[in-house]
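**Student:** give me a model of this one.
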Amino acid sequence: VQLQASGGGLVQPGGSLRLSCVASGFTLDDYAIAWFRQAPGKEREGVSCASKSDDRTYYADSVKGRFTISRDNAKNTMYLQMNSLKPEDTAVYYCATSRGNWFLWDDYDHWGQGTLVTVSS
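**Tutor:** Numbering: from 1, shown residues only. A predicted model of the protein is given here:
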């Protein structure tokens, strides 16, 4: 049972990246999904989450209108499309899943290994 995140890298301010997280050993569409991030010297924070059926989503105020969470059940993969990136988006990004309440960060208990996003000119 594993989540494998990828897609991070160095991008200039205003640029875009798409993070991917492939699930193996379980079916992603049975779970709520989320992306978290941890910037240097800061606590981990929830960025976005989606209900099991994707009919409900949430975005932190800091990324609303710029980031989009999604999944492709056929590929057992979840995504985070990040546009208009800012230096303050620099962090390690983690994907996570939950069989609990989709809107409760503490219910996310299965984690990927993280992928580093650096926004800098």
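**Student:** check contacts around Ser24.
**Tutor:** Val1, Gln2, Leu3, Gln4, Asn76 (C-beta atoms under 8 Å, 6 or more residues apart in numbering). (Each C-beta comes from the backbone N, C-alpha and C, glycine too.)
**Student:** how about Gln2?
**Tutor:** Ala23, Ser24, Gly25, Gly112.
**Student:** so which residue is dead centre in the protein?
**Tutor:** The centroid of the chain falls nearest to Trp35 when counting by C-alpha atoms, centre = their mean (2.5 Å).
**Student:** surely that one and Arg71 touch.
**Tutor:** No - the criterion here is C-beta atoms under 8 Å, and Trp35 misses it with Arg71 at 11.2 Å.
**Student:** now do the shared contacts for these two.
**Tutor:** Counting by C-beta under 8 Å, 6+ apart, the residues touching both Trp35 and Arg71 are Met78.
**Student:** and Gly112, what are its phi and psi?
**Tutor:** For Gly112, the backbone dihedrals (degrees, to the nearest 10) come out as phi -80, psi 180.
**Student:** and for Asp106?
**Tutor:** phi -70, psi -10.
**Student:** likewise Trp105?
**Tutor:** According to degrees, to the nearest 10, Trp105 has phi -60, psi -40.
**Student:** identify the bridge partners of the closest residue to it other than its chain neighbours.
**Tutor:** Of all residues not flanking Trp105 in the chain, Gly46 sits nearest, at 4.4 Å (C-beta to C-beta, 6 or more residues apart in numbering). Beta-bridge partners recorded for Gly46 (DSSP bridges): Phe36.
**Student:** from Gly14, how far out is Gly46?
**Tutor:** Per C-beta to C-beta, to the nearest Å, Gly46 is found 24 Å from Gly14.
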